[in-house]
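In: here is my input; please provide its structure:
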Amino acid sequence: MAVYASESGANIRVKLVWINARCPRQPGGTECGYYVMKFMKEIAYEGVEILDNDNVGKGVEEYSAADMDGIREDWSTYAVNSIFKL
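Out: Residues are numbered from 1 along each chain as shown. The predicted model follows:
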């Protein structure tokens with residue numbers, strides 16, 4: 001894929017370099033939101049550099065039930081605090 005960048009009026013073709021991040025994959029079709037939240041949380045805590053290595057999700061194929069429960073707990077705590085302004 002290539003995009004065009006405009007530099008002082010001239011169009012310059014720039015080649016994009018894609019990084020395929022290896023991360024845990026969801027087993028079904030209903031966990032996608034939790035997987036995205038867990039993935040974003042890991043990037044926020046570890047930094048973008050985590051995408052360069054194979055350490056996203058600590059190398060596991062799927063997040064555990066405990067990981068999913070942790071994300072659900074974080075989300076519900078945030079939602080309740082936001083609603084009731086605790």
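
In: part of a strand, is Glu49?
Out: No. Assigned with DSSP: H, G, I helix; E, B strand; the rest coil, Glu49 falls outside any strand and is helix.

In: for it, grab the count of nearby residues.
Out: The local packing of Glu49 (other Cβ atoms under 10 Å) involves 9 other residues. Just so you know, the C-beta spots here come from the backbone N, C-alpha and C atoms, and that holds for glycine as well.

In: relative to Glu42, how far out is it?
Out: Glu49 sits 11 Å away from Glu42, taking Cβ to Cβ, to the nearest Å as the criterion.

In: list the buried residues in stretch 60-80.
Out: Going by neighbour count (16 or more other Cβ atoms under 10 Å), the buried part of stretch 60-80 is Tyr63, Asp67, Met68, Ile71.

In: which of those residues sits closest to Ile83?
Out: Ile71 (18.5 Å; Cβ to Cβ).

In: residue contacts, that closest one?
Out: Neighbouring residues of Ile71 by Cβ atoms under 8 Å, 6 or more residues apart in numbering: Tyr34, Met37, Lys38, Lys41.

In: how does it look with 6 Å?
Out: Contact analysis of Ile71 by Cβ atoms under 6 Å, 6 or more residues apart in numbering lists Tyr34, Met37, Lys38.

In: try Ile83
Out: Going by Cβ under 6 Å, 6+ apart, Ile83 touches no other residue.

In: what about it, which SS state?
Out: Looking at Ile83 with three-state DSSP, the answer is helix.

In: and the pLDDT at it?
Out: We have a pLDDT of 92 for Ile83.
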